[in-house]
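Student: got a predicted structure here, sequence first:
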Amino acid sequence: MPEYHALSGKVPFGSMVRVAIAGFAGAALLAIGYTYAIVYIPLVYLNLLICIGFGCLVGWFVGSSARSGKVRNVTFVTVAGFISGCAALYCAWAMDIVARLGRIEGVEGVHFTLDPRIIWNYIVFVNERGFWSLRGHTPTGWELGAFWIIEALIIVGAATLVPNGMLRGRAFCEACERWIDNEHDLLRYEHGASDAVVATLAAENVAGLANIPCVHGPSGDFLRVDLACCPGCGESNYLSVKSLTSKVNKEGKVEVKEEDVVLLQRISAAQRDEVRELSARAAAAVEAEQNAAVQEDADSESPDTDTANEEPRDPVS
Ligand SMILES: [Zn+2]
């Protein structure tokens with residue numbers, strides 16, 4: 001039976017503290033920038049982008065501190081991301097009092113507070129009067145509340161999903177205590193070859209991949225073979241297969257969807273070398289084919305570009 005990589009679940013104690021500090025500090029600092037941007041840039045569509053960026057950045061703080069702290073636990077970073085997202089949202093509301101009321105002339109005595117009763121009273125106060133207008137309409141009550149719920153879901157959702165994505169699918173070498181970088185795109189196969197590729201790998205017959213014809217070219221539809229090999233010990237080697245499907249979205253841009261077909265199957269050092277060997281052969285075949293095509297073009301154009309009879313040009317003139 002093939003063996004697949006699973007993170008050990010270890011959370012070094014020092015890293016736990018580090019992730020908590022990064023999460024809360026990131027949430028507080030970014031909340032200041034977010035609130036002032038939202039208050040001073042009254043463009044709803046831009047606000048949406050800023051909101052997504054805010055949540056993603058908070059999540060990135062958590063994810064990168066977890067990665068550098070060698071946290072090998074996806075659940076831990078996901079929960080840390082969620083808590084940081086909630087903290088970010090709370091800080092943004094606390095900052096909102098200062099940023100929004102501070103702009104109004106004649107309003108004095110506004111100071112920063114984290115007191116939940118004051119923040120709640122402020123939310124109720126603003127909800128009754130409205131926050132902003134869009135095309136002459138000022139949403140209040142439930143209508144405004146719905147916008148705030150969407151905003152909260154985006155911030156907390158992004159802060160939760162980003163660090164989860166930063167750890168999921170990544171391999172860690174426990175012997176060397178280090179993350180392993182992924183090497184992308186060693187081999188490509190047609191989608192039709194999916195069953196053959198999966199069966200070959202399920203039989204742990206990596207050499208058998210040589211019997212399945214490779215593809216190449218610019219199309220975004222193929223199966224892609226990736227490797228993750230520890231450069232420290234050379235013993236932690238994993239192979240993944242991703243399915244890439246491209247389609248044109250509503251804006252006319254090509255979107256490529258990536259799905260896991262095989263995720264981090266453990267392979268031996270010899271099998272790793274076999275994959276690299278196959279990859280080198282496939283690349284050489286592509287190059288030979290391209291050279292042949294270039295040669296063919298040159299041959300077909302040669303009667304028109306016959307330079308042999310031209311007068312040699314004087315470089316000085
Ligand atoms: Zn290693």
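Tutor: Happy to help now that I have it.

Student: tell me how far stretch 119-128 lies from the chain's centre.
Tutor: Distance of stretch 119-128 from its chain centroid, counting by C-alpha atoms, centre = their mean, to the nearest Å, is 36 Å.

Student: can you list contacts of that stretch?
Tutor: Stretch 119-128 has contacts (C-beta atoms under 8 Å, 6 or more residues apart in numbering) with Y90, W93, A94, D96, I97, R100, T113, T140, G141, L144, G145. For every residue, glycine as well, the C-beta is placed using N, CA and C.

Student: adding neighbour count and pLDDT, write these out as JSON lines.
Tutor: What follows is the contacts of stretch 119-128, written out as JSON lines (neighbours: other C-beta atoms under 10 Å; pLDDT from 0 to 100):
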{"residue": "Y90", "neighbour count": "16", "pLDDT": "96"}
{"residue": "W93", "neighbour count": "19", "pLDDT": "94"}
{"residue": "A94", "neighbour count": "22", "pLDDT": "94"}
{"residue": "D96", "neighbour count": "21", "pLDDT": "91"}
{"residue": "I97", "neighbour count": "21", "pLDDT": "89"}
{"residue": "R100", "neighbour count": "18", "pLDDT": "84"}
{"residue": "T113", "neighbour count": "13", "pLDDT": "85"}
{"residue": "T140", "neighbour count": "13", "pLDDT": "83"}
{"residue": "G141", "neighbour count": "10", "pLDDT": "83"}
{"residue": "L144", "neighbour count": "19", "pLDDT": "87"}
{"residue": "G145", "neighbour count": "13", "pLDDT": "91"}
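
Student: what is the most widely separated pair among the residues you listed?
Tutor: T113 and G141 (24.9 Å; C-beta to C-beta).

Student: so how far is the strand or helix carrying V225 off the chain centroid?
Tutor: V225 is part of strand 222-229 when elements are defined by DSSP states H and E. With C-alpha atoms, centre = their mean as the basis, strand 222-229 stands 17 Å off its chain's centre.

Student: I'd like the mean pLDDT over that strand, please.
Tutor: Mean pLDDT, strand 222-229: 95.

Student: is the ion contacted by it?
Tutor: No: applying C-beta under 5 Å from the ion, one finds strand 222-229 separated from the ion by no less than 8.9 Å.

Student: kindly report the same for stretch 257-277.
Tutor: No: applying C-beta under 5 Å from the ion, one finds stretch 257-277 out of contact with the ion, separated by at least 11.2 Å.

Student: any low-confidence regions in the stretch 151-300 of the chain?
Tutor: 217-218 (pLDDT under 70).

Student: neighbours of T75, how many?
Tutor: 12 (other C-beta atoms under 10 Å).

Student: helix, strand, or coil at the closest residue in space to it that isn't next to it in sequence?
Tutor: Nearest residue to T75, sequence neighbours excluded (C-beta to C-beta, 6 or more residues apart in numbering): G9, at 8.0 Å. Following DSSP: H, G, I helix; E, B strand; the rest coil, we place G9 in the coil state.

Student: show residues contacting the strand holding V225.
Tutor: Contacts of strand 222-229 (C-beta under 8 Å, 6+ apart): 5, 170-171, 180-191, 193-194, 197, 209, 215, 236-244, 261, 264, 272, 275-276, 279.

Student: doesn't R266 belong to a strand?
Tutor: Yes: counting by three-state DSSP, R266 is found in a strand.

Student: many thanks, we can stop here.
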